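Asker: Pasting the sequence and the predicted model now:
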Amino acid sequence: MRKASAIACVVGLLVVAIAAQADEFLALEGKIALPGVAGRIDHMAVDLVRQRLLVAELGNGSVDMVDLTGGRQAQRITGLRDPQGVAYAQKPDLVIVASGGDGSVRFYRGADLSPVGDIPLGKDADNVRVDPRNGNIVVGYGSGGLAVIDPAKRSKIGDIKLPAHPESFQLDPASGRLFVNVPDAGQIMVADLAGSNPVGRWAVPGLRANFPMAIDPSGLTLATVFRNPAKLVLLDTKSGAATAQLDTCGDADDVFFDGKRRRIYVSCGAGAVDLFQGDATGYRALARVQTSSGARTSLFVSELDRLFVAARAGLLGADAAILAFRPIP
């Protein structure tokens, strides 16, 4: 009995030590409640001009605008069918929402969120990205497509065909290439925004379900997270060669590079954020920060130096919330 108690004590001290170590690298700065939000929360974006976080609340049929300066829920767009992707385009001052339920891409004025138009893509409109070179919007949708949209005219000006539904994708502004996770095809596709078909296909043998993706600030390294088994894979963006495979948390849905600290953050539905540290020899596991079960969506905003994690409402009545983490040092 004494031996069992001693083991339990050692394990408890180890857990405390690991938690303390995690706090040295990523500190929970605060929580912003999202009352009245039920179900899964999907992607997020930021309006830096107004200091607002945009939160796509898929299970609730809504998009919230969260005031980051006041730490509160400010405005809400309702009546949406499974909103998945969200973005803010600064030049036209538009909020863009992609809904999986009806395949629509809807546009709202940034100032007052009044609707100003929509584009029907067919079905399952998902991730949204803004091309920093020209302000065009790229939206993943359907059984295999990336729509290129002119936000000023609210019209589709291009279409890239893919073999299956795209999940996360990233744009390299220097080359105009898109890197796209296509998990149902077991591939990472490489596309050129100037064309209509992929120009490359990469695969990582033995790994499946590649959902989150990020590209480092230099454009040389691509991070893709596979769920089965749970691995963070780093690839050379020129050749597609895998340069590292690292164990990570389960049910990952977002990954980000922190160029200032040369870190990578992976957020997972298993209830954790994994931190990886880069050095002259590559990346290594640094720490694991506990969040809450199902909190798999996140957004790292380098301009604010904050990582925001969306925690869904709890079974015991706890409100959904945005967890704001401050990287250290």
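Answerer: Perfect, I can see it now.

Asker: Just confirm Ile41 is within a strand.
Answerer: No: counting by DSSP: H, G, I helix; E, B strand; the rest coil, one finds Ile41 to be coil, located in no strand.

Asker: What's the local residue count around it?
Answerer: 29 (other Cβ atoms under 10 Å). (C-beta placed from N, C-alpha, C; glycine too.)

Asker: Against Pro163, how distant is it?
Answerer: 29 Å (Cβ to Cβ, to the nearest Å).

Asker: now do Pro92
Answerer: From Pro92 to Pro163 the distance is 32 Å (Cβ to Cβ).

Asker: ok, what's across the strand from Gln170?
Answerer: Assessed by DSSP bridges, Gln170 has beta-bridge partners Phe179.

Asker: how deep is it tucked in, by neighbour count?
Answerer: 20.

Asker: Next, Gly59: phi, psi?
Answerer: Taking degrees, to the nearest 10, you get phi -70, psi -20 for the backbone angles of Gly59.

Asker: who touches it in this structure?
Answerer: Gly59 makes contact with 38-41, 312, according to Cβ atoms under 8 Å, 6 or more residues apart in numbering.

Asker: which stretches of this structure form helices?
Answerer: 2-23 (DSSP state H).

Asker: quick one: low-confidence ranges for the stretch 1-150 of the chain?
Answerer: Within the stretch 1-150 of the chain, the ranges that satisfy pLDDT under 70 run 1-21.

Asker: need the strands for it, in chain order.
Answerer: 26-34, 44-47, 52-57, 62-67, 72-77, 83-89, 94-99, 104-109, 115-120, 128-130, 137-141, 145-150 (DSSP state E, counting those that start in this stretch).

Asker: Could you check the angle the third one makes with strand 62-67?
Answerer: It stands for strand 52-57. With axes from the mean of the first three to the mean of the last three Cα atoms, to 10 degrees as the basis, strand 52-57 and strand 62-67 are set at 160 degrees to each other.

Asker: Same check on the longest one?
Answerer: In terms of direction (the same axes, to 10 degrees), strand 26-34 departs from strand 62-67 by 120 degrees.

Asker: What angle do strand 72-77 and strand 26-34 make with each other?
Answerer: Using the same axes, to 10 degrees: strand 26-34 against strand 72-77 is 50 degrees.

Asker: How far off centre is strand 26-34?
Answerer: Relative to the centre of its chain, strand 26-34 is centred 18 Å away, using Cα atoms, centre = their mean, to the nearest Å.

Asker: on that earlier part again, any of the contacts of Gly59 buried? List them.
Answerer: Buried subset of the contacts of Gly59 (neighbour count, 16 or more other Cβ atoms under 10 Å): 39-41, 312.

Asker: Among these, which one lies nearest to Pro327?
Answerer: Ile41 (21.8 Å; Cβ to Cβ).

Asker: Pull the contacting residues for the closest one.
Answerer: Counted by Cβ under 8 Å, 6+ apart, Ile41 has contacts 55-59, 297, 310-312, 320.

Asker: Name the nearest residue to it, sequence neighbours excluded.
Answerer: Ala310 (4.1 Å; Cβ to Cβ, 6 or more residues apart in numbering).

Asker: can you pull the pLDDT of that neighbour?
Answerer: On pLDDT, Ala310 comes in at 98.

Asker: doesn't Ala324 make contact with it?
Answerer: No: using Cβ atoms under 8 Å, Ala310 and Ala324 do not qualify as a contacting pair, with a distance of 10.9 Å.
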